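*Asks:* A structural model of the following input is requested.
(one chain, ligands or ions: 2)
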Amino acid sequence: MKYLIDKLEVTGSLTKEEFVLLLNYTSPALSEYLFEKSRKTAGKYFENHVYTRGLIEFTNYCKNDCLYCGIRAGNRNAERYRLSKDEILSCCADGYALGFRTFVLQGGEDCAYSDSDIADIISDIKEHYPDCALTLSIGEKEDESYRLIYEAGADRYLLRHETANAAHYGLLHPKRQTLENRKRCLYALKKIGYQVGTGFMVGSPFQTTECLAEDLLFIKELSPQMIGIGPFIPHHDTPFAHQAQGSLERTLFLIGILRLLIPNALIPATTALGTIDPMGREKGILAGANVVMPNLSPVKVRKKYELYDNKICTGEEAAECRSCLQNRMKSIGYKLVVDRGDFQPIN
Ligand code: 5AD
Ligand code: FES
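*Replies:* Residues are numbered from 1 along each chain as shown. Ligands and ions are numbered 1, 2, ... in the order given. Sure thing, here's the model as predicted:
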């Protein structure tokens, strides 16, 4: 299978059949072969630098009902919260002092915030921190709303496609949520001018190797600036409570593949990866990721933004995430940098 990794490195993609073959014949030795290349590729564009994004989870109200997610509308046990604009600004103030130059406002699809509420929050943050990038992650909207939010100063938008296989998408979501609309959103965001991030869960229920191959081909086609993947982790109050968790090795292998697929992409070692293995984020960086997203939300709400069980960084240690990650990255020879960490096109 090494020849497929060589081919991926040289040509920047594989056929669906080749991806399936590669994913069906993984081994520790093949992973090491891949990671040597993916690490070297990341190093070529980013040296040993790791970018940070300060994540502010500002609302866990959500009108959607994704079957895997702990804050789905149908979960009556979720304790809901919203942060006020002042609370959000205070997270940014703390974050700025700590060295964050990107803030990510993430939330459920919460109808309580109108487009102009969001625009207002964005322009306030931008006014206070003009040297910072602002990323939104608030789900599916109309093109016009995306435009308004962009004009208010948002630079980037994260919206995982979750799975590029329509039938699989239908098994993870209620009927009213469609892959078609998700894709419409992603292409609209790109067209408007956002730096766009997409991605998927590894090992989500009913996922096949073919699904993953389709995810990779969709990502190649969309050509996003950011790609976030993490293992599926069951949440006890969802219909998927008893489904198996995604695998660490498979997630790392896919990070390596993504690095060769889009060499200059911004790829986080996600919190979910850190949740299934105490060294998950370090392993993610060593597989080719180059971003970490420590939590900046107020400690009192962190446990409530529970997409999956046992999420890390929600306890007393939570205020220390940046310095914790700084030490963790240093321990593997990488450096957290104070930088917006924008996508840099290859000439
Ligand atoms: N396990 C892992 N990741 C999850 N997400 C939502 N629920 C889970 C879960 N149970 C991911 C989705 C979503 C992102 C914000 O979190 O991919 O896009
Ligand atoms: Fe949050 Fe280590 S990154 S405590």
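*Asks:* Excluding covalently adjacent residues, which one is nearest to the residue nearest the centre of the chain?
*Replies:* Centroid-nearest residue in the chain, with C-alpha atoms, centre = their mean: residue 228, separated by 3.3 Å. Sequence neighbours aside, residue 199 is the residue nearest to residue 228 in space, at 3.8 Å (criterion: C-beta to C-beta, 6 or more residues apart in numbering). C-betas here are computed from N, CA, C, even on glycine.
*Asks:* Thought residue 160 was touching the one you found, still the case?
*Replies:* Yes. Counting by C-beta atoms under 8 Å, residue 199 does reach residue 160; the two are 4.3 Å apart.
*Asks:* Contacts only, for the residue nearest to residue 228.
*Replies:* 160, 161, 219, 226, 227, 228, 229, 230 (C-beta atoms under 8 Å, 6 or more residues apart in numbering).
*Asks:* what helix or strand does it sit in?
*Replies:* In this assignment (DSSP states H and E), residue 199 forms part of strand 195-202.
*Asks:* at contact distance from ligand 1, anything in the helix or strand that that strand is followed by?
*Replies:* Under the assignment DSSP H and E, the closest C-terminal helix or strand after strand 195-202 is helix 209-222. No. Helix 209-222 lies apart from ligand 1 when judged by C-beta under 6 Å from any ligand atom; the minimum separation is 11.6 Å.
*Asks:* Next, the buried residues of helix 209-222.
*Replies:* Residues of helix 209-222 classed as buried: 211, 212, 213, 214, 215, 216, 217, 218, 219, 222 (neighbour count, 16 or more other C-beta atoms under 10 Å).
*Asks:* can you check stretch 324-339 too?
*Replies:* Neighbour counts over stretch 324-339 (16+ other C-beta under 10 Å) mark 325, 326, 328, 329, 334, 336, 337 as buried.
*Asks:* Any chance of TSV for those residues, columns secondary structure, pLDDT and distance to residue 142?
*Replies:* Formatted as TSV, these follow (DSSP: H, G, I helix; E, B strand; the rest coil; pLDDT from 0 to 100; distance: C-beta to C-beta, whole Å):
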residue	secondary structure	pLDDT	distance to residue 142
325	helix	95	36
326	helix	95	40
328	helix	97	40
329	helix	98	39
334	coil	98	40
336	strand	96	37
337	coil	96	36
